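Mind looking at a prediction? Sequence and model below.
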Amino acid sequence: MSSTPGAFEAVVSVRSEREEESARAKKAGHGFRDATRIQQSLTSGLERKALRWLAARTPSRIGSDHLTCLGFAAMLLAGGSYALTRWHAVGLLLATFFLAVNWFGDSLDGTLARVRGRERPRYGFYVDHMIDSFGGLFLIGGLGASGYVKWEIATSMLIAFFLLSIESYLAAYAFGSFRLSFGKFGPTEIRILLGLGNIALWLNPHASIPLLSWRLFDFGGIVASAGMAVMVVAAAACHTAKLYKQETHS
């Protein structure tokens, strides 16, 4: 016979190695590599320390999914609270409270998973950003329904937000890096600005920008829309040029 015990053992060994490699690939998400998170906002340093402190003290019975659901529910309630302000100003205080709860759930879920060594990169990325998309829709929709922001301005904010989100997700796929902040502003800074604006409107429902006579949230909405539009165009141009240079052969 041409086969020998040594040859048989070699075949078994190769097959075993392939099975182990397949199992490792399956466990790792078929070679999926999580995008590098870029966070350089004003509060990022302090925020990271606070989140690690909170994660270390979170009861074991509370998992990342619980926090994700909490953050999503809080964002929906924040949008509903803004809509409520059309009839009662208490909605401004409720919106501020729910924005804080949203920060807690939305920011802590990923940190908790990393601290506990229970990362699910594909699941986490997909679910987190789908929730962000729906959350943004409800929040900005609530602002538009509040009467503090003109519908045209709220619509421009929503369009700019979705375009910026799409660009970020495409860049994460193309470059392996996901930008959580632009310049010194990120989600946390936006929540803080909204909270301060809520308090200002609670104290003075007719608050406006001096010299311009624009209502506070109308002005903020225009600035936010323009800022996001500039970010989208600049990032798209930069990334297109970079990819062209990398993949175009002379």
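On my side now, so go ahead.

Just the CA coordinates for stretch 196-210, please, in CSV.
What follows is stretch 196-210 as a C-alpha-only set of coordinates in CSV (Å, rounded to 0.1, in the frame of the first residue of the first chain):
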residue,chain,number,x,y,z
LEU,A,196,-28.2,74.5,28.1
GLY,A,197,-30.5,75.7,25.4
ASN,A,198,-33.4,73.9,27.1
ILE,A,199,-32.6,75.8,30.4
ALA,A,200,-32.4,79.1,28.6
LEU,A,201,-35.8,78.6,26.9
TRP,A,202,-37.3,77.4,30.3
LEU,A,203,-36.2,80.7,31.8
ASN,A,204,-37.2,82.8,28.7
PRO,A,205,-39.4,81.1,26.1
HIS,A,206,-38.7,84.0,23.7
ALA,A,207,-34.9,83.8,24.0
SER,A,208,-33.2,84.9,20.8
ILE,A,209,-29.7,85.8,19.5
PRO,A,210,-28.8,89.4,20.2
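
Show me which positions of it end up buried.
197-198, 201-202, 207 (16 or more other C-beta atoms under 10 Å). For the C-beta atoms, the positions are set from N, CA and C on the backbone; glycine is no exception.

pLDDT score assigned to His88?
pLDDT, His88: 93.

Check the buried residues of stretch 196-210 and tell me the two furthest apart.
Distances among the buried residues of stretch 196-210 were taken as C-beta to C-beta; the most separated pair is Asn198 and Ala207, at 10.6 Å.

that older thread, mind putting the buried residues of stretch 196-210 into TSV with pLDDT and secondary structure?
As requested, these are exported to TSV (pLDDT from 0 to 100; DSSP: H, G, I helix; E, B strand; the rest coil):
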residue	pLDDT	secondary structure
Gly197	93	helix
Asn198	95	helix
Leu201	93	helix
Trp202	93	helix
Ala207	84	coil
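
Let me know the closest of the residues you listed to Gly105.
Once C-beta to C-beta is applied, the member of the buried residues of stretch 196-210 that ends up nearest Gly105 is Asn198, at 19.1 Å.

How about the contacts made by that closest one?
92-93, 95-96 (C-beta atoms under 8 Å, 6 or more residues apart in numbering).

Would you mind measuring from it to Leu92?
As judged by C-beta to C-beta, to the nearest Å, Asn198 and Leu92 stand 4 Å apart.

so which of the contacts of Asn198 is the most crowded?
When neighbours are counted by other C-beta atoms under 10 Å, Ala95 leads the contacts of Asn198 with 27 neighbours.

Report how many residues lie close to the spatially closest residue to Leu212 that is not a sequence neighbour.
With C-beta to C-beta, 6 or more residues apart in numbering as the criterion, Leu212 has its nearest non-adjacent residue at 6.8 Å, and that residue is Phe219. A count of nearby residues for Phe219, using other C-beta under 10 Å, gives 18.

do Ala174 as well
Neighbour tally, Ala174, other C-beta under 10 Å: 13.

isn't it right up against Thr240?
No. With contact defined as C-beta atoms under 8 Å, Ala174 does not reach Thr240; the gap is 9.9 Å.

Would you list the phi and psi of His88?
Dihedral angles of His88 (phi, psi; degrees, to the nearest 10) stand at phi -150, psi 130.

between the buried residues of stretch 196-210, which is closest to Ser146?
Of the buried residues of stretch 196-210, the one sitting nearest to Ser146 (C-beta to C-beta) turns out to be Leu201, at 9.3 Å.
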